[in-house]
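Asker: starting from these lines, generate the structure:
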Amino acid sequence: MIFFKAEANNKIGRGHFERSIALAKELISAGIESSFIFSDTPQPLIEKILEAGFPVHIIDINKQLDSSSYLNIIPQNSLIVFDTDDNRFYFGSLIDDLRKRNIKTACYSISDLYTISTDILINPNIVSQIHKYNTESYTRKYLGTQYLIYRNEFRELAPKFKEYYTPLNLLLIFGNADSNHLTMYFLDVIEKLGNILNKVNIVAGILNPDLEKIKSKVNEIKNIETELHINTNKIISIYEETDVAITAAGMAMWEMALFNIPQMVIASSRREIEYAKYLSDLNYIYSLGVFSDISSSDEMAKKIIGILKSETLKELKSEEFQSIIDPNGIKNIVDVLIGEMD
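Answerer: Next comes the predicted model:
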């Protein structure tokens, strides 16, 4: 049995949650049962897990670091995967106590700043292979972009090549939660871009705090064709229509690399700063900076017009970026988890 501890809410978005669901479904196909543990996820999302047929256990948020809360749920010889950015689930008494009871532990981490004492460390980020981790001797490391893509629909994608000429189809996408209100900010920006754009697709998640404002703003924009997609299941067709994107350094950025889409990227959290800079230094993306330092919408509009009218995005190494991403990441992760259960 494999257990997943992941959360989804308006602070952390749904990336960890959706990845865990995808992995659980893949594990079922391989004959491995899965179960979920939550402490800070809204009931409608928990219902989604139950409807998919997976058992759900709730641990009080104030007791989620207490090993006894887990030992009442998880049998020996099981594996629990902590898919979270919260480093308290990477090491300490919780992990030690679980391991003493013959429960294997795994964590996802995007950083090497923290001690890690789980049996398994997974970091699918590109920077993972240059990190220097403080782990135990028994910790097995699975690092790199071959473990990154977890959406089943991206499997076996054929390589694509993009050439764009203005006017362009632009995509705005900033994750499910967008706690820094970047969608609203860039809607103000694109309104100032004039006839350089043909169409703008806006993708927003149901955890976005500005959904009603976004709907209203999209309806107000008259000089550019706009289309809003909320919690869409048509992301592949949207990517295929996209000539250029403005996005955060989150999962959408990696997904769009598979489609060879030139990207202007803003680091939307402190944890994204390191790898956004790394990718920019490789000339895989164009960096628009950090969310906390963005300029006025007028200044940003001038900057983006300059980028789109120049050769800047054409000079990005989008094909090279594409080549390092494995669309079969979900299978690769599941193979790891099943191998660790043997």
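
Asker: burial count for the closest residue to Lys314 other than its chain neighbours?
Answerer: By the measure of Cβ to Cβ, 6 or more residues apart in numbering, the closest residue to Lys314 outside its immediate chain neighbours is Pro262, 7.5 Å from it. (Each C-beta comes from the backbone N, C-alpha and C, glycine too.) By the criterion of other Cβ atoms under 10 Å, Pro262 has 24 neighbours.

Asker: got it, and Leu171?
Answerer: 25.

Asker: now do Thr226
Answerer: Under the neighbour criterion other Cβ under 10 Å, Thr226 is assigned a count of 21.

Asker: quick one, what contacts it?
Answerer: Residues counted as contacts of Thr226 (Cβ atoms under 8 Å, 6 or more residues apart in numbering) are 199-202, 218.

Asker: now, which of those residues lie within helices?
Answerer: Among the contacts of Thr226, DSSP state H puts Val218 in helices.

Asker: between which two of the contacts of Thr226 is the distance greatest?
Answerer: Pairwise distances across the contacts of Thr226 (Cβ to Cβ) peak at 12.1 Å, for the pair Lys199 and Val218.

Asker: can you check the distance spanned by stretch 174-182, start to finish?
Answerer: Start and end residues of stretch 174-182 are separated by 7 Å (Cα to Cα, to the nearest Å).

Asker: correction: the previous question concerned stretch 274-290.
Answerer: One end of stretch 274-290 to the other measures 11 Å (Cα to Cα).

Asker: same question for stretch 313-322.
Answerer: Using Cα to Cα, the end-to-end distance of stretch 313-322 comes out at 15 Å.

Asker: equivalent analysis for stretch 280-297, please.
Answerer: With Cα to Cα applied, stretch 280-297 spans 22 Å between its terminal residues.

Asker: domain parsing of this structure, as residue ranges.
Answerer: 2-153+327-341, 168-323 (automatic domain parsing).

Asker: can you put those domains in CSV and add mean pLDDT?
Answerer: Shown next, in CSV, are the domains of the chain (pLDDT from 0 to 100):
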stretch, mean pLDDT
domain 2-153+327-341, 94
domain 168-323, 93
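
Asker: quick one: stretch 333-342 to chain centroid distance?
Answerer: The gap between where stretch 333-342 is centred and where its chain is centred comes out at 22 Å by Cα atoms, centre = their mean, to the nearest Å.

Asker: let me fix that, I meant to ask about stretch 41-53.
Answerer: Chain-centre distance of stretch 41-53: 20 Å, with Cα atoms, centre = their mean.
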